[in-house]
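Peer 1: Compute the structure for the input listed below.
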Amino acid sequence: MSGLLRAIRGVAVLFVVVALTYAIFYLGPADPALAMCGKPCSPENLEAAREFMGFSDPWWQQMLTFMGGIFTGRSFGSAGVVIDCAAPCLGYSFQMHQSVTSLIIERFPVSVSIALGAVVLQTIVGVGLGALAARKQGTVIDRAITGGAVFAASAPSYVVGLLLLLIFAFQFNLLPSGDYVALTDDPIGWATHLVLPWITLAVLNGAVYARLVRSSMIEQLGLDYARTARAAGLGERRIDGYALRNLALPVMTLTALDVGALLGGTVITERVFGLPGMGLLLIGATGTVDLPIIVGTTLFSAALIVIANLAADLLGPLLDRRLAAPRRTLRTPRQKVTTP
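Peer 2: Numbers count the residues shown, from 1 in each chain. Below you'll find the model as predicted:
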């Protein structure tokens, strides 16, 4: 599949995400204009609030206006009060009196810090344990790692997070219980405040890596090239290295998906540890029926996942040359016909 076709498919996915988000909220009982108007709210004031917020049009027309505002910007308001939202405009939160784009810019560094640290930790731990379990197949070590991975993958993230808080923050007071410190302000404080969220996510996602690597590596070690290498006298470590190299593509694909999802916000983890990231922003908007934030953050998160998928597709041929090799069709050579 060409890069252009992948990009077109990604844009179509984003359009469907926005359409479904608008449709779900407008088919539901919640009214963003009523949340802004307050109680009691007369029908006249409610209609004025809808017009001021841009919610008086049909939902599909509002969706198209929203999509256009991403590229050209848009304005909100009526009766002489106008609020400009410059491109790329992902909406305007009338409850927080701030554009959704600026809110995302403020919260995104927190989500980046959580995502990158968690991905690095879960990849190292998951791949390492999976490779060890594959090498020790059938032993107590293999059964312990496999059982632990199944248990970790099935554990709710909020239970893991609360348990870590109880032990390391409240019981032994070794790590802070929450809040966020910017990397530029205090690198050590930044790391200590994020250790527990990183471990929480690494426990859950690292278990998936361990199970994937174990099963794939067992398969690789049973292939002809591994048996030939053993017969030639190659050491087990070198054979393991070749097997792990062949696992780079599935691990990279899984990592790209995790990065895209985590950058969009880890809702439960941010809630447990009180981190002001994208997930906490989305939770607050859902509770206050702040539709512009909900649509804007949903679209932004979906865009990150689409970009991560696209990056995985483009990087795949670099890790596996077989994906880059063009398909060749067999052609029968033309025979030259000579006339007597």
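Peer 1: Tell me how many other residues surround residue 54.
Peer 2: By the criterion of other C-beta atoms under 10 Å, residue 54 has 22 neighbours. Every C-beta, even on glycine, is put in place using the N, C-alpha and C of the backbone.
Peer 1: give the contact list for it.
Peer 2: Counting by C-beta atoms under 8 Å, 6 or more residues apart in numbering, residue 54 touches 62, 65, 74, 76.
Peer 1: which one of the residues you listed sits closest to residue 36?
Peer 2: residue 76 (11.7 Å; C-beta to C-beta).
Peer 1: So that closest one belongs to a strand, correct?
Peer 2: Yes. Counting by DSSP: H, G, I helix; E, B strand; the rest coil, residue 76 falls inside a strand.
Peer 1: circling back: which of the contacts of residue 54 count as buried?
Peer 2: Among the contacts of residue 54, those classed as buried by 16 or more other C-beta atoms under 10 Å are 62, 74, 76.
Peer 1: Throw the residues you listed into CSV and include pLDDT and distance to residue 26, thanks.
Peer 2: Formatted as CSV, the buried ones among the contacts of residue 54 follow (pLDDT from 0 to 100; distance: C-beta to C-beta, whole Å):
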residue, pLDDT, distance to residue 26
62, 86, 8
74, 92, 19
76, 87, 18
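Peer 1: Export those to TSV and append columns for distance to residue 318.
Peer 2: Listed next are those as TSV, based on distance: C-beta to C-beta, whole Å:
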residue	distance to residue 318
62	42
74	40
76	45
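Peer 1: Which one of the residues you listed is nearest to residue 299?
Peer 2: Lowest distance from residue 299 to these (C-beta to C-beta) belongs to residue 62, with 13.7 Å.
Peer 1: who's in contact with stretch 301-308?
Peer 2: So stretch 301-308 is contacted by 10, 13-14, 17, 256-257, 259-261, 263-265, 278 (C-beta under 8 Å, 6+ apart).
Peer 1: Restricted to buried residues, select those residues in ChimeraX.
Peer 2: In ChimeraX, a selection of the buried entries from the contacts of stretch 301-308 looks like this (16+ other C-beta under 10 Å):
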select :10,14,17,256,259,260,261,263,264,265,278
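Peer 1: Name the nearest of the contacts of stretch 301-308 relative to residue 212.
Peer 2: Nearest to residue 212, judged by C-beta to C-beta, of the contacts of stretch 301-308 is residue 257 at 11.9 Å.
Peer 1: Who are the contact partners of the closest one?
Peer 2: 305, 308-309, 312.
Peer 1: what about residue 111, neighbour count?
Peer 2: Neighbour number of residue 111 under other C-beta under 10 Å is 25.
Peer 1: okay but it is in contact with residue 280, surely?
Peer 2: No. Using C-beta atoms under 8 Å as the test, residue 111 is too far from residue 280 to be in contact (9.4 Å).
Peer 1: my read is residue 57 is in a strand, agree?
Peer 2: No. Residue 57: not assigned to a strand; according to three-state DSSP it is coil.
Peer 1: circling back to that earlier point, tabulate the contacts of residue 257 (TSV), appending neighbour count.
Peer 2: As requested, those are exported to TSV (neighbours: other C-beta atoms under 10 Å):
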residue	neighbour count
305	20
308	21
309	18
312	19
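Peer 1: which residues of the stretch 151-300 of the chain fall in helices?
Peer 2: 157-164, 187-221, 224-231, 236-246, 248-263, 267-273, 278-287, 291-319 (DSSP state H, counting those that start in this stretch).
Peer 1: Which among those helices is found nearest to residue 81?
Peer 2: Comparing these by their distance to residue 81 (C-beta to C-beta), the top pick is helix 291-319, with 17.0 Å.
Peer 1: name the helices or strands packed onto the helix or strand hosting residue 106?
Peer 2: Using DSSP states H and E, residue 106 sits within helix 100-135. Identification of packing neighbours for helix 100-135 by 3 or more C-beta pairs under 8 Å, 6 or more residues apart in numbering; DSSP states H and E yields strand 92-93, helix 140-154, helix 187-221, helix 236-246, helix 248-263, helix 267-273, helix 278-287, helix 291-319.
Peer 1: Buried deepest among those, which one?
Peer 2: Comparing these by mean neighbour count (mean count of other C-beta atoms under 10 Å), strand 92-93 ranks first with a mean of 24.
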